[in-house]
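Colleague: Build me a structure from this.
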Amino acid sequence: MSATPDDWTISHFSQANPEGEGQDDVAALLRRVADTIEALGRVDVQDVVLHQDLTGGEDRPSLTVYYVRR
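Modeller: You can find the predicted model right below:
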């Protein structure tokens, strides 16, 4: 291991389905996030984290995607 760690910057975004009917649809959320990643262009995804929130008494999952530009 080197004496000093390498420095680098990572970007991220979080995304959820719109509130209301279908807000708990994880498959739709994954498609929405895939579209966003594709729109970013050339990136390397480093991590994806699923969060479960409760909105209006119903589950509302969200995803946070961590990535670096190529």
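Colleague: okay, CA-based contacts and neighbour counts for the rest of this
Modeller: Fine.
Colleague: Can you tell me the closest non-neighbouring residue to residue 48?
Modeller: residue 65 (4.6 Å; C-alpha to C-alpha, 6 or more residues apart in numbering).
Colleague: count of neighbours near the one you found?
Modeller: Neighbourhood size, residue 65 [other C-alpha atoms under 10 Å]: 18.
Colleague: Buried ones in the one helix or strand it maps to, by neighbour count?
Modeller: Per DSSP states H and E: residue 65 is located in strand 58-69. Residues of strand 58-69 classed as buried by neighbour count (16 or more other C-alpha atoms under 10 Å): 60-67.
Colleague: Looking at those, which two lie furthest apart in space?
Modeller: 60 and 67 (23.0 Å; C-alpha to C-alpha).
Colleague: so where's this structure uncertain?
Modeller: The model of the chain has pLDDT under 70 over residues 1-2, 55.
Colleague: Give the other helices and strands that the strand or helix carrying residue 29 contacts.
Modeller: In this structure, residue 29 sits in helix 26-40 according to DSSP H and E. Packing contacts for helix 26-40, counted by 3 or more C-alpha pairs under 8 Å, 6 or more residues apart in numbering; DSSP states H and E, involve strand 11-16, strand 58-69.
Colleague: Nearest approach to residue 25 belongs to which of these?
Modeller: That would be strand 58-69 among the helices and strands packed on helix 26-40, by C-alpha to C-alpha, at 8.0 Å.
Colleague: still on that earlier bit, would you list the strands that the strand holding residue 65 pairs with, along with their directions?
Modeller: Paired strands of strand 58-69, with direction, are strand 11-16 (antiparallel), strand 43-55 (antiparallel) (DSSP bridges).
Colleague: Tell me how far the last one lies from the chain's centre.
Modeller: Using C-alpha atoms, centre = their mean, to the nearest Å, the mean C-alpha position of strand 43-55 is found 4 Å from that of the whole chain.
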